[in-house]
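1. Curious how this folds, go ahead:
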Amino acid sequence: QVQLAESGGGLVQAGGSLRLSCVASGHTSTWGALGWFRQTPGKDREFVAGLSRFNTTRYVDPVKGRFAISGDTAKSTVFLEMNSLKSDDTAVYYCAASKITAPTNYYVARQWDYWGQGTQVTVSS
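-> Numbering: from 1, shown residues only. You can find the predicted model right below:
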């Protein structure tokens, strides 16, 4: 059974930094892609960053230059380094995994196969 476990969320002041971690278990092959989404109450889950098995990365525009995704799809680990945090970054952050190939469209949540339970990130202004 595949499980994704996030950690590293918390409360931080605007301008500060946080590092999220995700470890996936129950899958012995290299993931097609690992990524991060976020969600605030009443809104759809939003793509934040993705890492393919070929080590290519993608980011949603509002986080470019501030967030950095890293990890190893063969070792089932992915991290999200978040710098210069803003109040708009406040959300529950979810780790996502695509089993065989990377999603055709990283931004579409239903194209990802597995999800973690989420970790809360709160940025105070």
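
2. Leaving aside the residues adjacent along the chain, what's closest to the residue positioned nearest the centre of the chain?
-> In the chain, the residue lying closest to the centroid (CA atoms, centre = their mean) is Trp36, at 1.6 Å. Leaving aside its sequence neighbours, Trp36 sits nearest to Val48 (CB to CB, 6 or more residues apart in numbering; 4.4 Å). No exception for glycine: its C-beta is placed from N, CA and C like everyone else's.

3. Centre of the chain to the host helix or strand of the one you found, how far?
-> Per DSSP states H and E, Val48 falls inside strand 46-52. Its chain's C-alpha centre and that of strand 46-52 lie 6 Å apart, by CA atoms, centre = their mean, to the nearest Å.

4. Stretch 12-24 now?
-> The answer for stretch 12-24 is 10 Å, by CA atoms, centre = their mean.

5. Equivalent analysis for stretch 74-88, please.
-> 6 Å.

6. in that stretch, what's buried?
-> The neighbour-count check on stretch 74-88 (16 or more other CB atoms under 10 Å) flags Ser76, Thr77, Val78, Phe79, Leu80, Met82, Leu85 as buried.
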